[in-house]
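Asker: 3D model of this:
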Amino acid sequence: MSKQRDNELKETVRFLGSTLGDTIRSQMGEEWLQRIETIRLSGRESHQGKSDATQQLKTLFSELKNDELLTIGRAFSQFLNLANIAEQEFNTITTEDDPVTTLFEHLESADISHQDFASAFEQLKIDLVLTAHPTEVTRRTLIHKHSELASCLRDLHQSRLTTEQREDLEIRIADLISQAWHTEEIRTIRPTPVDEARWGFSVIENSLWDAVPAFIRSLEKKVQNKFGIALPIDAAPVQFSSWMGGDRDGNPNVTSTVTQQVLLLARKRAAKLFAKDIDKLQVELSMSDCDDELRAKVGDDALEPYRALLRPLLNKLNATQEGIAEHLAGNTVDQSSWISSQEQVLPLLLDCYRSLHACGMQVIADGNLLDTIRRVHCFGIHLLKLDIRQDSERHADVFSELTRYFGIGDYANWSESDKQAFLLKELSSKRPLLPANWQPSADVQEVLDTCKVIARNSQYGFGIYIISMASLPSDVLAVQLLLKESSVGWAMPVAPLFETLDDLNNAPAVTKQLFDIDWYRGYIQGQQHVMIGYSDSAKDAGALAAGWAQYESQEALVKLAEEYNTKLTLFHGRGGTIGRGGLPAHAAIHSQPPGSLTGGFRVTEQGETIRYKFGMPELAKNSLGLYASAIIEAILFPPPQPKQQWREAITLMANNGRDNYRQTVRHDPDFVPYFRVATPEQELGKLPLGSRPAKRKPSGGIESLRAIPWIFAWAQTRLVLPSWLGVMKAVNTAQEQGMQDVIEDMLQHWPFFHSRLSMLDMVFNKADSRISKEYDEKLVPKELLHFGEAIRDELTTSVTSLLSLLKQDSVMESDPKGKESMSIRAGYLQPLHFLQMELLTRIRQLDEDEHDAVLERAMMVTIAGIAVGMRNTG
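Answerer: Numbers count the residues shown, from 1 in each chain. Sure thing, here's the model as predicted:
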């Protein structure tokens, strides 16, 4: 970050903080504002290591009433939100780091041929899957206010503002900040899966709808200028899928009824957006000249042929919106007037496009009309493609009940070969398997009803069917049989999700068994999706072992797909944090094995990362450019195949890293008791983040805790343990065994290894041993204090080892912009941490059946505030 940009951002943050201060003063009075300012200064000094300031914070918070703690928590949480908005908006107005421009500069220096680029460009297929993982802590009503605020900041940074215009913008900013201050920032109830889906639709409407055609237009311009390649009119380098309303893994709130409702709501939103586009085109396409083909369709009497062609389409889109609303309200509706296929929209737009070109009006054709055509190819009449996800055990339960009903044993107890034989026989049979008078359990009926929803709706409204905790070929065949028995008339792609360490290691063997089945190869028709799980494998074995297992699994699957002449699409289930596989787009893509992008790039976009990447059109355009440039670059300049020495070294480090991690997390009897008291894990369960429960099984322990609250809890205390535990200890062991030169070689020449260590650099910038120690001293009983000390000792040693390996004096030297970003927040995070410690103490002193609404709300505010300040939750 340049000095000037650095100062501009700081000045904006100060302005927003001052405006928030004015809001607090107007409601609470000057005394309250001064109290908050004193706390802010103490927080900054405490972060700088001044012990008297730290003690001042502790003493003050211990003396304040519960409602006063809530007010302070709200003030610092809101400030961190404002800092995020300032930085987010600031990143959209600084264009010197445009990723596509950087790519083409690289291509220029590398002298890439027209043919090589064209081949790589043809492989550019990005499928971004918006998921409902509950990491978005900010309410939708506040997200809207924050978007408005960002828009005002963007206007404020324009150079040609009059004094009056600037004053008007500053008044509007004060208005929005005041609105946010007087709005309840914590949800009182959990969002439903339908609420989550609507949020996803809003991201498309408010940002991606404009960003996608702008991104394609910008990309096309650069490609044409450099290589003379024009994008075909049906080019769709990016598409969007969703899990919101389709992901029922461990979430009883996502039912077949919910899935059907979400499918219809998506069509309704698409109809609304396309109606807006068509209405605008009707206004603009007032010309009378048209080609003979268009004239034949509208007749000789039409003085304005384009309007005549588009008017009925607009009527149908409006009828679709209104009809779906009526249907969802429980009324009987004639659906024949609805838009039900792409063919009712796209040909009409193409007729207009061709006619305008034929009549010499190319500039009109290539304006808003082309943007709308691009949107049809990207979003379609279904807005996005809904994935279905369910646990493999739920599918097996269907056949267990069925085989017991038939009196032929219990499917669950059969061998894998017997299961496959049964499933393949039924898949090839022409008679139905499910008896008409069979009354299954409610859980089994729900699985069957979901498959019926798939059968009742258009295949173009769906993405793929994902099987969680898949480990055997029968897990995949079972879903294919369920789809067949439900009369799904098309070959829906079925993707096993390999997510534990063992399942990742076994994934190639399982996939090979499937490819060896004649029926299966006929079903997939040369196209296979496989989902790689990042969250659970990292929670299972630690970051390094999980990362290497993911790499080896992908590498073997790519080779297997080539052997069977099958196009493989790897689906990456990454989270937003390092502990859940999260990496910046460029690093993530270049860390993959060579050949892994041939079948396209499919990745989850989770929780608050959706807002940070795609929350505003300019941000979204930039994020899409990051993905596109990284993919093209990785295809043209693939990472090297790992040398044998590298493989031996990383295998040793991964195994040691796994053992180090598990020794602490699985085998140390003090770990679970320490985790429960040292972090707000138990209190997190009360935060109404998303529609999914925090645990897959309510009665389970750490092993059943979802990866998201697992990461979230450790981030709150600044140990961020899952992202680094055991990693540098394993690297040090390898160095001690004479592998120093090999490790240096890996760091210099292997993107996979380099990205792992560079991400640790970022993690260590967010970690803070002093804060973690304060939590321990406040909350942890004496007999467990040794455990936290040992963890912090390893953290300190790990930071020192990493800096030595990277030849740095301090963390984040290679990313001063990221370091400054965290530095701006640090002083404001400090009071929230000490406030949270005080709140945890008070909450845990309550009787088991006692509740204090103010304390609990204040607790939720600090949890959300720290998450916002850390810029990632789960």
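Asker: Any chance of the backbone angles for Gln606?
Answerer: In terms of degrees, to the nearest 10, the main-chain angles of Gln606 are phi -120, psi 140.
Asker: scratch that, Asn331
Answerer: phi -90, psi 150.
Asker: OK, contacts around it?
Answerer: Contacts for Asn331 (C-beta atoms under 8 Å, 6 or more residues apart in numbering) come out as none. Yep, even glycine has a C-beta here, placed from its N, CA and C like the rest.
Asker: and it, how far is that from Trp338?
Answerer: According to C-beta to C-beta, to the nearest Å, Asn331 and Trp338 sit 14 Å apart.
Asker: Same question for Tyr353.
Answerer: 25 Å.
Asker: cool, Gln27 as well?
Answerer: 49 Å.
Asker: Comparing these two, which residue is more hemmed in?
Answerer: Legend: neighbour count by other C-beta atoms under 10 Å for Gln27 and Trp338, higher for Trp338 (21 against 12).
Asker: what helix or strand is the closest residue in space to the more buried one that isn't next to it in sequence on?
Answerer: Among residues not flanking Trp338 along the chain, Thr320 sits closest, at 4.4 Å (C-beta to C-beta, 6 or more residues apart in numbering). Assessed by DSSP states H and E, Thr320 sits inside helix 305-328.
Asker: Tell me which other helices or strands the helix or strand following that helix touches.
Answerer: Under the assignment DSSP H and E, the closest C-terminal helix or strand after helix 305-328 is helix 346-358. Under the contact definition 3 or more C-beta pairs under 8 Å, 6 or more residues apart in numbering; DSSP states H and E, helix 346-358 sits against helix 292-298, helix 305-328, helix 370-378.
Asker: report the angle between the axes of the second one and helix 346-358?
Answerer: Direction vectors for helix 305-328 and helix 346-358, defined by axes from the mean of the first three to the mean of the last three C-alpha atoms, to 10 degrees, enclose an angle of 160 degrees.
Asker: mind listing what's buried in helix 305-328?
Answerer: Within helix 305-328, the residues that count as buried by 16 or more other C-beta atoms under 10 Å are 305-311, 313-314, 316-321, 323-324, 327.
Asker: what's the answer for the shortest one, then?
Answerer: Of the residues in helix 292-298, 294, 297-298 count as buried by neighbour count, 16+ other C-beta under 10 Å.
Asker: cool, and the last one?
Answerer: By neighbour count with 16+ other C-beta under 10 Å, helix 370-378 contains the buried residues 370-378.
Asker: of all the residues you listed, which comes closest to Trp414?
Answerer: The closest of the buried residues of helix 370-378 to Trp414 turns out to be Cys378 (C-beta to C-beta; 44.6 Å).
Asker: how long is stretch 41-52 end to end?
Answerer: 12 Å (C-alpha to C-alpha, to the nearest Å).
Asker: ranges for the strands of the stretch 151-300 of the chain?
Answerer: Counting by DSSP state E, counting those that start in this stretch, the stretch 151-300 of the chain has these strands, from start to end: 238-242.
Asker: Remind me which helix or strand Arg431 belongs to.
Answerer: Using DSSP H and E, no helix or strand contains Arg431.
Asker: measure it to Leu779 for me?
Answerer: In terms of C-beta to C-beta, Arg431 sits 63 Å off from Leu779.
Asker: higher neighbour count, these two?
Answerer: Leu779 (19 against 5).
Asker: what about the helices in the stretch 701-850 of the chain?
Answerer: In the stretch 701-850 of the chain, the helices defined using DSSP state H, counting those that start in this stretch lie at 707-716, 727-734, 740-749, 751-766, 769-779, 785-806, 816-844.
Asker: gap between the two ends of stretch 803-811?
Answerer: In stretch 803-811, first residue to last residue: 7 Å (C-alpha to C-alpha).
Asker: Let's test this: mean pLDDT of that stretch, rounded?
Answerer: Mean pLDDT, computed over stretch 803-811, is 95.
Asker: quick one: that stretch to chain centroid distance?
Answerer: Relative to its chain's centre, stretch 803-811 lies at 30 Å (C-alpha atoms, centre = their mean, to the nearest Å).
Asker: Give me the contacts around it.
Answerer: So stretch 803-811 is contacted by 731, 743, 747, 757-758, 761-762, 764-765, 799, 802, 813-814, 819 (C-beta under 8 Å, 6+ apart).
Asker: Tell me which two in these are the farthest apart.
Answerer: Among the contacts of stretch 803-811, Ile743 and Lys819 lie farthest apart (C-beta to C-beta), at 24.7 Å.
Asker: The two: which is more packed in?
Answerer: Ile743 (20 against 17).
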